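**Student:** Prediction below, plus the sequence it came from.
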Amino acid sequence: MPQTVQGVIARSKGAPVELVDVVVPDPGPGEAVVAVEACGVCHTDLHYREGGINDEFPFLLGHEAAGRVEAVGEGVTEVEPGDFVILNWRAVCGECRACRKGKPWYCFATHNATQKMTLTDGTELSPALGIGAFVEKTLVAAGQCTKVDEADPAAVGLLGCGVMAGFGAAVNTGGVGRGDSVAVIGCGGVGNAAIAGAKVAGATTIIAVDVDAKKLEWATGLGATHTVDASAEDPVEAVRALTGGHGADVVVEAVGRPETYEQAFYARDLAGTVVLVGVPTPDKEVTLPMIEIFGRGGALKSSWYGDCLPSRDFPMLVELYRQGRFDLDAFVSEKIGIGDVEAAFEKMHDGAVLRSVVVLDGGTA
Ligand SMILES: NC(=O)c1ccc[n+]([C@@H]2O[C@H](COP(=O)([O-])OP(=O)(O)OC[C@H]3O[C@@H](n4cnc5c(N)ncnc54)[C@H](O)[C@@H]3O)[C@@H](O)[C@H]2O)c1
Ligand SMILES: [Zn+2]
Ligand SMILES: [Zn+2]
């Protein structure tokens with residue numbers, strides 16, 4: 001029997017989000033229904049609400065979540081009811097040209113549920129990043145569920161998007177290693193996770209750049225060795241000054257704007273790597289002198305979801321968290337109710353939080 005539960009939708013461009021009844025079908029072949037225990041509020045949810053991703057309203061928002069598998073459909077073998085899982089938005093197909101080349105983190109045909117969740121009048125919902133998790137129960141492809149050891153869902157659910165994206169941008173995409181210098185421009189949830197990742201990977205100089213003093217303070221707590229207030233000084237000059245005049249080996253851009261991308265480009269050392277993990281809106285353009293692109297060598301990369309492989313990376317990061325080596329709790333600025341998402345967007349906009357996390361019944365608030 002389909003279930004009717006409460007969920008948070010964005011009905012139209014720019015309108016405040018609404019808490020409504022959502023109809024969740026029983027899982028079909030290859031699908032799972034998950035009782036959501038916690039879901040972080042990510043900047044990408046706000047992008048959806050503002051129409052910055054696409055126009056397929058209404059959206060069922062939320063996508064950084066942990067919960068418990070309630071039911072699985074025919075043919076599902078990877079998870080079973082009762083499993084504690086983190087949801088991922090890139091369930092690899094195993095068959096596309098990227099998967100066949102042995103690079104499944106680039107999978108070009110990732111899976112989502114086939115059936116749609118709907119409003120009670122039958123209107124189909126577009127789940128954010130193919131998840132939709134500001135809702136008591138959600139329907140996903142079984143491959144979007146990664147089983148992990150039991151841990152606080154509010155903390156480990158963040159691995160489902162922003163924290164994994166940032167950590168992986170530094171470690172997987174940027175290839176940060178022992179002794180490297182790293183600069184991270186934009187220290188929200190994503191950028192601060194890049195800082196934490198750089199620390200775990202052994203970087204010795206980790207420079208946090210933001211325009212918000214509070215973000216820089218959090219960055220220091222997560223492993224930044226230096227901070228740069230980009231509202232007060234030129235971040236390119238500051239990063240060079242902190243790296244012997246050369247620039248950083250790896251610069252992670254976690255804002256998604258042309259000006260910060262250009263700063264990242266000029267703040268890296270010769271043969272260094274720029275990683276773009278911030279998501280630009282479709283209207284943004286950058287202009288760079290081609291001779292500089294050539295002359296500086298190195299690599300200009302983009303990072304989808306931190307080039308992660310959920311089955312490899314989520315259990316490993318949960319273990320680092322359990323061992324006290326990766327402070328996921330530091331990202332949870334507040335735990336809120338499912339009716340508080342709009343207020344959380346305002347706090348995000350004001351820079352008051354790293355992550356607000358919606359905790360649902362069953363989650364350990
Ligand atoms: N690539 C991916 O897979 C992926 C996954 C999740 C999120 N993202 C994207 O990453 C970006 C960051 O997400 P978030 O959740 O951390 O957002 P956030 O709003 O919490 O953080 C953005 C940070 O950038 C800072 N900032 C703004 N302008 C700046 C400037 N000119 N110079 C320096 N810092 C500046 C803000 O003060 C803030 O701290 C967003 O674009 C989001 O959509 C990408
Ligand atoms: Zn694939
Ligand atoms: Zn996200």
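**Tutor:** That came in fine, so what should we check first? Ligands and ions are numbered 1, 2, ... in the order given.
**Student:** CA only for contacts and neighbour counts going forward, please
**Tutor:** Will do.
**Student:** Any chance you could list what contacts stretch 262-280?
**Tutor:** Under the contact criterion Cα atoms under 8 Å, 6 or more residues apart in numbering, stretch 262-280 has outside partners 165-166, 169-170, 173-174, 185, 235-237, 239-240, 246-257, 261, 286, 288, 296-306.
**Student:** among those residues, which are in helices?
**Tutor:** Per DSSP state H, helices hold the following members of the contacts of stretch 262-280: Ala165, Gly166, Pro235, Val236, Glu237, Val239, Arg240, Tyr261.
**Student:** Show me the two of these that sit farthest apart.
**Tutor:** Ala165 and Glu237 (26.9 Å; Cα to Cα).
**Student:** Please identify which of those two sits among more neighbours.
**Tutor:** Neighbours per residue, other Cα atoms under 10 Å: of Ala165 and Glu237, the larger number sits with Ala165, 29 against 16.
**Student:** and the more buried one, what does it touch?
**Tutor:** Val190, Ala193, Ala194, Val277, Ser303, Trp304, Tyr305, Gly306, Asp307, Cys308.
**Student:** Please identify the buried residues of the helix or strand harbouring Lys347?
**Tutor:** Following DSSP states H and E, one finds Lys347 within helix 341-349. Buried positions in helix 341-349, judged by neighbour count with 16 or more other Cα atoms under 10 Å: Val341, Glu342, Ala344, Phe345, Met348.
**Student:** How about stretch 127-138?
**Tutor:** Residues of stretch 127-138 classed as buried: Pro127, Ala128, Leu129, Gly130, Ile131, Gly132, Ala133, Phe134, Val135, Glu136, Lys137, Thr138 (neighbour count, 16+ other Cα under 10 Å).
**Student:** Just give the nearest non-adjacent residue to the second one, would you?
**Tutor:** Read that as Ala128. Leu61 (5.1 Å; Cα to Cα, 6 or more residues apart in numbering).
**Student:** What are the phi and psi values at that neighbour?
**Tutor:** phi -80, psi 170 (degrees, to the nearest 10).
**Student:** For it, list the residues it contacts.
**Tutor:** Val8, Ile9, Ala10, Asp45, Tyr48, Pro127, Ala128, Gly132, Ala133, Phe134.
**Student:** What parts of this structure come near ligand 3?
**Tutor:** Cys42, Cys161, Gly162 (Cα under 5 Å from the ion).
**Student:** among those, who's most crowded?
**Tutor:** For the residues of the chain next to ligand 3, neighbours were counted using other Cα under 10 Å, and Gly162 has the most, 29 neighbours in all.
**Student:** Report pLDDT for that one.
**Tutor:** pLDDT for Gly162: 95.
**Student:** now swap in Gly363 and tell me
**Tutor:** 52.
**Student:** count of neighbours near Gly174?
**Tutor:** Residues lying near Gly174 (other Cα under 10 Å) number 29.
**Student:** Dihedrals phi and psi, it?
**Tutor:** phi -80, psi -20.
**Student:** Residue ranges in this structure under the pLDDT threshold?
**Tutor:** 362-365 (pLDDT under 70).
**Student:** Spell out the residue ranges of the strands in the stretch 251-365 of the chain.
**Tutor:** With DSSP state E, counting those that start in this stretch, the ranges of strands along the stretch 251-365 of the chain come out as 268-276, 299-302, 334-336, 356-359.
**Student:** A strand includes Val36, no?
**Tutor:** Yes - under DSSP: H, G, I helix; E, B strand; the rest coil, Val36 falls within a strand.
**Student:** list the contacts for it?
**Tutor:** By Cα under 8 Å, 6+ apart, the neighbours of Val36 are Ala65, Ala66, Gly67, Arg68, Ala133, Phe134, Val135, Glu136, Lys137, Thr138, Leu360, Gly363.
**Student:** thinking again about what came up before, so which of the contacts of Ala165 is surrounded by the most neighbours?
**Tutor:** Busiest of the contacts of Ala165 [other Cα under 10 Å] is Ala194, holding 40 neighbours.
**Student:** So which residues on the stretch 151-300 of the chain come close to ligand 1?
**Tutor:** 161-162, 165, 185-191, 209-212, 215, 230, 254-256, 260, 277-279 (Cα under 6 Å from any ligand atom).
**Student:** Which among the contacts of stretch 262-280 count as buried?
**Tutor:** The buried subset of those - by 16+ other Cα under 10 Å - is 165-166, 169-170, 173-174, 185, 235-237, 239-240, 247-257, 261, 296, 298-299, 302-306.
**Student:** Those residues of the stretch 51-200 of the chain touching ligand 2, which are they?
**Tutor:** Val92, Cys93, Gly94, Cys96, Cys99, Cys107, Ala109.
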